[in-house]
Structures are given as C-alpha cells and as structure tokens.
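> Take this sequence and fold it.
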Amino acid sequence: MPIAPPRPASYDKAVALVLQGGGALGSYQAGVYEGLAESPYLPDWVAGISIGAINAAIIAGNPPARRVAQLRSFWEKVTSPPSPWGNWLEMTLPLFPAQRRRLGAASALVFGQDGFFGPRNALAWMAMEGPTSVYDTDALRSTLESLVDFDRIAAGETRLSIGAVNVRTGNFAYFDSAETRIRPEHIMASGALPPGFPAVEIDGEHYWDGGLVSNTPLQYVLEKIPRRSRLTFQVDVFHARGPAPANLSDVAEREKDIRYSSRTRAATDTVRLQHDVRHNINTLWEKLPAELRDTPEGRFLYHFGCVTTMDIAQLIYRPDECQGHSKDYDFSRGTMEERWAQGRRDAEATLLAAPWLAPMPPELGARTFDVPGEARRRAALPAPVAAPAPQAAPAISDAAALAARAARRARA
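Residues are numbered from 1 along each chain as shown. Predicted coordinates:
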C-alpha cells in the first residue's frame, strides 16, 4: 500500500473534522475517521449535525486509541437485525444489494433499530392528542452513555460542537463544549428529525435536528472567533452529481441528494469566498496610508480582515449505483460495511495525495480539495486518441528511385 507523505513541521495548521447529517449514511463518516486515525492529522475539533453529531460525540468522547472501536460498536449495534427473522433472511437468502437495501429500510420502518429508535407503544396513539413523533429515541440515550465519556468532552482535549434547531424560535443553535457542558440530550437533539423523532428538551427549550436549517457545521468552525488557520476534513454523505432518474425511486433519491448537497456546496462556496475577501482585506490594509486607516470606514474594514488561511478537504460519499430514496434509513449490516469501507478508502486516497501541502497562493484565503472526486472525473474522461504513427523514412532503393525520377523531369 502506498504510504502518505509525512506531515512537515512547517504545516502547523490545526485540524478539524466536520460531519453532516444523513442517517444510515453516517457509517461512511466512521470509515473516513478510521482512515484519519492512522495519520498525523488527528482533529482537535470535531463538529457534527444529526448522525454526524453522534459520530462526533463518540470521537471526542474517547481517547484516540479507542475511537475506532467505539465507532464500530455503535454501528454494529444499530445495524443489528431488530427482528427475529431479519438476520436469518440476510444470511440465508441470496440477496442482491438492492434487495438487501430494501429489506434493511423496510425493517427499520417497521421495527426501528436496536440502541437507536423504536416504534411507540400502540397505546400512545390512543391518547386524545397522540404523540408528536412516530418513534421513541430513549434507547439512544443509553447507547450514548455507554459509548461516550462526557467528562472527557468537558475536559476539552478535543472540542465538540453540535448543531440543532430551536423549535420555538426556529433559530439555529450550536452546543459547543468550549462554552457548554455537553450532555446526551444535546446529541439527541441534533438528530431529532421530525416527524420521525421527538423534539428534545434542553434547559426549558425544545430542539429538533440541525439539518432542518443547515446540514453542515463548516461555517461555524471556520468563522468562530478566535480563528485559527485550519485544515478541515468535511465529510458529506449526499453527492451532487448523478444520472437522470429512470423511475420514481430514483427520482426521490436524486431529489434528496440535490436538496442536501446543494446546501452544503452553497455553504462551502460562501465560506471560501468570505475568507478570500477577509484575506485580501488584510493585505489591502497593510498598504493603506495612516490617514485612511484612521477613518470610520478604515476602522470598519479592519474588523473584517483576517490573517488565517483555510484548507478544506472534501470527502463525499459517491456510491457506484443508485441506492433508492430509502438509503438514509437502510441500516442493513452489509450496506453499513460497504459504506464504512468506502469512507476509509476515500480518506486514504486523500491523505496519500495531501494536496494541502502545496504552497497557498498569496491571493487566496481558503481553498478546497476533492481528491476522490477528481479521480472519478479523470477516470470518466474518454481515452486520448493515439497520434498517427510517423511514416518510416524511405529505404535507400526508394530514395534512389525518387532521385532518378526527379532527374528525368529536370531534363525534360
């Protein structure tokens, strides 16, 4: 296996890991972290939304040597067949991947997932007003308490930030371990996607899944004051590009991919542009004469400048085939393993290329890289047309014949 280049001492940027929401697709994120865990780029800050918040909490709430094992414990638990016959079906029937995915999604809808969520008791639906969600998530609290050391998060070795939405105000909120003691309910709130999951109460307010407003915490990490130059690994589980749908299931999947990936791309592009502007404001400020600096406009401009530079390495889950509109609640074990393995491969390829080690152009404040995506695009290009072979030089006899003909034409 090729070895990634060592991290030079001159590349002293802090490292962040940003994880978005996507339900069962989150096993790709776990695979990405497994790839990073063996590199010199361990994150000092992990931020997540929805399933990304759960993965982020497991990472931040464990020592580096135990993180992959604890992630594995979580994903094996929540992909355990919830029904007596689910495991038997997956092991004994010759299931094709599409059949397995449909079975996994149907099983999750009917039975829920062990250690995560389950259907409500039938009596709950007989109450006057009824419940406010289809499923109950009490099991998730027990799972988090068994896999996450919340005292370790409070100690601050690895910073953790979790995004959620205030149900009453509609405002986005971040729970940051640098400012708040993180508890299991903060993680549960970030993944409380209605109407499937119930809102979670925290200090008198109710919160829903942060993905209702923003599916990526990238902007929060890069704009939080005080800023530091950072290398941020942004893991996306919805991809922008895809073929034209052939049926209604493909339509629903394509719509979901576009809806979430477009928001992530827009946020990433905005952050990159804003930081380029900050960087150039700082460069311009150094060239301004003192009389212009000491004006209201100059002082206003100064507060928008920034000396930091940002590298954003994107890792995007791109399955080789359509997986249907239910892919984000397909918790089948085989699909989880496939996604995990692809996440690790993509992380290893990105680390091997390490494009962030190239010098930062002076006019840029932020730059993005998509190593796996570029590799796929190059592979999809048509093979170059071979140039025609050069004609061989004429043999000596041919040359003599040509010379003789030329002499005859001259005499004529």
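
> How about the contacts made by the closest residue to residue 143 other than its chain neighbours?
Among residues not flanking residue 143 along the chain, residue 115 sits closest, at 4.2 Å (C-beta to C-beta, 6 or more residues apart in numbering). Just so you know, the C-beta spots here come from the backbone N, C-alpha and C atoms, and that holds for glycine as well. Counting by C-beta atoms under 8 Å, 6 or more residues apart in numbering, residue 115 touches 74, 77, 78, 80, 139, 140, 142, 143.

> which residues sit in contact with the third one?
Same thing as residue 78. 113, 114, 115, 116, 143, 331.

> so which two of those are the farthest from each other?
Farthest pair in those (C-beta to C-beta) is 143 and 331. Separation: 13.5 Å.

> which one of the contacts of residue 115 sits closest to residue 199?
Nearest member of those to residue 199, counting by C-beta to C-beta, is residue 140, at 13.8 Å.

> Tell me if I'm right that the closest one and residue 185 touch.
No: with contact defined as C-beta atoms under 8 Å, residue 140 does not reach residue 185; the gap is 10.1 Å.

> Looking at those two now, which is surrounded by more residues?
residue 140 (23 against 18; other C-beta atoms under 10 Å).

> May I see the buried residues of stretch 200-208?
For stretch 200-208, a neighbour-count test (16 or more other C-beta atoms under 10 Å) marks 200, 202, 206, 207, 208 as buried.

> Check which helices and strands the helix or strand hosting residue 18 sits against.
Using DSSP states H and E, residue 18 falls within strand 14-19. If you count contacts as 3 or more C-beta pairs under 8 Å, 6 or more residues apart in numbering; DSSP states H and E, strand 14-19 packs onto helix 27-37, strand 45-49, helix 51-60, helix 218-223, strand 230-236.

> Centre of the chain to the shortest one, how far?
Relative to its parent chain, strand 45-49 has a centroid offset of 11 Å by C-alpha atoms, centre = their mean, to the nearest Å.

> As CSV, could you dump the C-alpha coordinates of that strand?
Taking Å, rounded to 0.1, in the frame of the first residue of the first chain, the C-alpha atoms of strand 45-49 are listed here in CSV:
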residue,chain,number,x,y,z
TRP,A,45,-12.1,20.0,16.9
VAL,A,46,-15.0,17.8,15.8
ALA,A,47,-18.4,19.2,14.8
GLY,A,48,-21.5,17.4,13.7
ILE,A,49,-25.2,17.6,12.9
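
> Only the buried residues of that strand, if you could.
The neighbour-count check on strand 45-49 (16+ other C-beta under 10 Å) flags 45, 46, 47, 48, 49 as buried.

> and which of these is nearest to residue 153?
Out of the buried residues of strand 45-49, the member with the shortest distance to residue 153 (by C-beta to C-beta) is residue 46, at 9.8 Å.

> if I pick that closest one, what's in contact with it?
Residues in contact with residue 46 (C-beta under 8 Å, 6+ apart) are 16, 17, 19, 56, 59, 60, 158, 159, 160, 161.

> which residue is nearest the middle of the chain?
residue 235 (1.5 Å; C-alpha atoms, centre = their mean).

> mind listing the strands for the stretch 251-400 of the chain?
Secondary structure of the stretch 251-400 of the chain, counting by DSSP state E, counting those that start in this stretch: strands at 310-316, 366-369.

> Give the pairing partners of the shortest one; include direction for each.
Take DSSP bridges as the rule and strand 366-369 pairs in its sheet with strand 310-316 (parallel).

> and the strand it pairs with, how far from the chain's centre?
Counting by C-alpha atoms, centre = their mean, strand 310-316 comes out at 9 Å from the chain centroid.

> what angle separates that strand from strand 14-19?
Interaxial angle, strand 310-316 versus strand 14-19 (axes from the mean of the first three to the mean of the last three C-alpha atoms, to 10 degrees): 30 degrees.

> Let me know the pLDDT of the residue nearest to the centre of the chain.
For residue 235, the pLDDT comes out at 97.

> Report the contact partners of it.
Residue 235 neighbours (C-beta under 8 Å, 6+ apart): 17, 18, 19, 20, 28, 29, 32, 52, 315, 316, 343.

> Repeat that for residue 141.
The contact partners of residue 141, taken as C-beta under 8 Å, 6+ apart, are 184, 185, 188.

> Using the three-state scheme, assign it.
Under DSSP: H, G, I helix; E, B strand; the rest coil, the three-state class of residue 141 is helix.

> Likewise for residue 5?
Classification of residue 5 by three-state DSSP places it in coil.

> who's in contact with it?
352, 354, 357.

> pLDDT at it, what is it?
pLDDT, residue 5: 90.

> for residue 2, same thing?
67.

> got it, and residue 271?
We note a pLDDT of 89 for residue 271 in this prediction.

> and the gap between it and residue 68?
29 Å (C-beta to C-beta, to the nearest Å).

> leaving aside the residues next to it on the chain, what's closest to residue 218?
residue 18 (5.1 Å).

> That neighbour reaches residue 232, doesn't it?
Yes: proximity of residue 18 to residue 232 meets the contact threshold set by C-beta under 8 Å, at 5.8 Å.

> Neighbours of residue 38, how many?
14.

> what comes up buried for the longest helix seen in the chain?
In the chain, assigned by DSSP state H, the helix with the most residues is helix 248-287. By neighbour count on 16+ other C-beta under 10 Å, the buried set for helix 248-287 is 249-250, 253-254, 256-257, 260-261, 263-265, 267-268, 271-272, 274-276, 278-282.

> now the protein, which segments are flagged as low pLDDT?
By pLDDT under 70, the low-scoring segments of the chain are 1-2, 82-95, 383-412.

> what separates the closest residue to residue 202 other than its chain neighbours from residue 136, distance-wise?
Using C-beta to C-beta, 6+ apart and skipping the chain neighbours, the partner closest in space to residue 202 is residue 185 (5.4 Å). Here residue 185 is placed at a distance of 15 Å from residue 136 (C-beta to C-beta).

> Give me the helices and strands touching the host helix or strand of residue 109, please.
Assigned by DSSP H and E, residue 109 belongs to helix 97-111. Judged by 3+ C-beta pairs under 8 Å, 6+ apart, the packing partners of helix 97-111 are helix 86-92, strand 118-119, helix 333-353.
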